[in-house]
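Student: sequence? don't have it. structure:
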């Protein structure tokens, strides 16, 4: 009987640890899907990954953009460039759980934007993302980009 109780407690703690360890992977997978959708210029898919709320916030170039529709309109302008590619440094990503159902992701990325002649600019950013868990999965609730001053 005692060994059954110990086994039950051990399995409960392993399940809790596994669930906790899964949040960083799930949040990172959400951001990877977001980056892939941007690179595919699939704004409908980008929209699915954003929190469906007027409180969604993207701070881009120091400009607050509220709501997913305004965000997509701004992204669509940027994506008119011949070349538009985000290259997140996923190996340097850090996920911090804020509380149940919320997490913060920080990572550097390079945005390649421009034309093939003379070549796209390579803009280095630090990206900070607030993610929230909803019944349909993790969603991006806020996105903050700043120039990466640690880059060479």
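Tutor: Yep, that arrived. This is a predicted model, so every value here is computed, not measured.
Student: contacts, neighbours, all on C-alpha from now
Tutor: OK.
Student: Secondary structure element holding residue 64?
Tutor: Per DSSP states H and E: residue 64 is located in strand 63-66.
Student: partners of that strand, with directions?
Tutor: strand 57-60 (antiparallel) (DSSP bridges).
Student: And for the partner strand, what's in contact with it?
Tutor: Contacts to strand 57-60, defined as Cα atoms under 8 Å, 6 or more residues apart in numbering, come from residues 64-68, 71, 141-146.
Student: tell me which of those is nearest to residue 27?
Tutor: The closest of the contacts of strand 57-60 to residue 27 turns out to be residue 141 (Cα to Cα; 11.8 Å).
Student: Need the pLDDT of the nearest residue to residue 102 once chain neighbours are set aside.
Tutor: In space, and not counting its chain neighbours, residue 102 is closest to residue 132: 4.4 Å by Cα to Cα, 6 or more residues apart in numbering. Predicted confidence (pLDDT) at residue 132: the value is 98.
Student: what are the ranges of the strands in the chain?
Tutor: Ranges of strands within the chain are 57-60, 63-66, 83-88, 94-99, 102-114, 121-134, 137-147, based on DSSP state E.
Student: hmm, back to that, can you give me the buried ones in the strand holding residue 64?
Tutor: 65-66 (16 or more other Cα atoms under 10 Å).
Student: The nearest residue in space to residue 26 that is not next to it in sequence and residue 43: what is the separation?
Tutor: Counting by Cα to Cα, 6+ apart, residue 26 lies nearest to residue 138, which is 7.4 Å off, once chain neighbours are set aside. Separation of residue 138 from residue 43 (Cα to Cα, to the nearest Å): 17 Å.
Student: Pick out whichever of those two has more residues nearby.
Tutor: residue 138 (23 against 18; other Cα atoms under 10 Å).
Student: quick one: contacts for the more buried one?
Tutor: Contacts for residue 138 were tallied using Cα under 8 Å, 6+ apart; they are 26-27, 30, 49, 131-132.
Student: which residues touch stretch 126-136?
Tutor: 27, 51, 101-109, 138-148.
Student: Quick check: buried residues in that stretch?
Tutor: For stretch 126-136, by 16+ other Cα under 10 Å, it's 126-133.
Student: again with stretch 140-149
Tutor: Under 16+ other Cα under 10 Å, the buried positions of stretch 140-149 are 140-145.
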